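S.K.: Have a look; sequence and predicted model below, questions after that.
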Amino acid sequence: MTAPSPEDRERVRALVESQWREPVTVVFLTEVRPEFKIPGRRYDGTVKGKRLVRRFFYNLLRGIVNVPVSAFLTAGGGQIAIFNFPTYDPKVEGPANAQALELVDAAKGAGSGWLAFTESQVAVVVDDRIRWQSTVPHHNLRKHQLSWPDGSTYTYAVKKEDGEILLALHKRKLYGESDPR
């Protein structure tokens, strides 16, 4: 998915609002490939102990090809990719079979997507389709983090403008102001 336009945001908002029948806040997830800190999963989310030989050769090839290609492609843009970190690194933490895995597993194949939420619900929208939805776990707007009752968490990365939207929502909740929408 490419960088979102305001029309994309409005289309996603309209899709989710038509199903939930309440105002929705929508933020673009810059990356849905978090680091995993879950027992039984590798850092990239794959299950440990499966396809070890294939995985070895894949990682070897990926390292040989990606380093020079990444440096070449990003050098022209004036910034090196290894220094271009989001404000919050996306990650999933929790016990084996964590509840947070449902959200991430539903969206990680797309690489990016939309997080739509209200006070009572949350959804991941990819390619104008809701891939996952649930009642809201605890949502820390300031830290860009969703937490579930089993102790698992998903910290997501957003672009600067979406970070500002989340911070404004956090301040409104903190100080009891009404939503201007």
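M.R.: Thanks, I have it.

S.K.: List the buried residues in stretch 101-113.
M.R.: Residues of stretch 101-113 classed as buried: 101-104, 106-108, 110, 112-113 (neighbour count, 16 or more other CB atoms under 10 Å). In short, each C-beta sits where N, CA and C put it, glycine included.

S.K.: where does this protein have low pLDDT?
M.R.: Residues of the chain that meet the criterion pLDDT under 70 lie in 1-3, 31, 50, 55, 72-88, 110-111, 136, 177-181.

S.K.: Tell me which stretches of it form helices.
M.R.: 6-20, 52-75, 100-107, 160-175 (DSSP state H).

S.K.: now the farthest one out in this protein, which residue is it?
M.R.: residue 53 (29.7 Å; CA atoms, centre = their mean).

S.K.: can you tell me how far it sits from residue 60?
M.R.: Distance of residue 53 to residue 60, computed by CB to CB, to the nearest Å: 11 Å.

S.K.: ok, residues contacting stretch 125-135?
M.R.: 1, 11-12, 15-16, 19, 26, 102-103, 106-107, 110, 113-116, 120-124 (CB atoms under 8 Å, 6 or more residues apart in numbering).

S.K.: Please identify the buried residues of it?
M.R.: 125-126, 130-133.

S.K.: With only the CA atoms kept, save stretch 133-151 in CSV.
M.R.: Taking C-alpha atoms only, stretch 133-151 is exported to CSV below (Å, rounded to 0.1, in the frame of the first residue of the first chain):
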residue,chain,number,x,y,z
GLN,A,133,-12.3,-6.2,14.5
SER,A,134,-13.0,-6.5,18.1
THR,A,135,-14.2,-4.7,21.2
VAL,A,136,-11.6,-2.3,22.3
PRO,A,137,-8.8,-3.7,24.5
HIS,A,138,-7.2,-1.0,26.6
HIS,A,139,-6.0,1.6,24.1
ASN,A,140,-3.1,3.9,25.2
LEU,A,141,-3.3,6.7,22.6
ARG,A,142,-0.2,8.5,23.8
LYS,A,143,2.0,5.3,23.5
HIS,A,144,0.2,4.0,20.4
GLN,A,145,-0.4,0.8,22.2
LEU,A,146,-3.3,-1.7,22.5
SER,A,147,-3.4,-4.0,25.5
TRP,A,148,-5.4,-7.2,26.1
PRO,A,149,-6.6,-8.9,29.3
ASP,A,150,-4.0,-11.7,28.9
GLY,A,151,-1.2,-9.1,29.2
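
S.K.: from here on, count from 149
M.R.: That works, and once the first residue is 149, the last one we named lands at stretch 281-299.

S.K.: for that stretch, the distance to its chain's centre please.
M.R.: Mean C-alpha position of stretch 281-299 versus that of the full chain (CA atoms, centre = their mean, to the nearest Å) differs by 12 Å.

S.K.: Identify each buried residue in it, please.
M.R.: 281, 285, 287, 289, 292-296.
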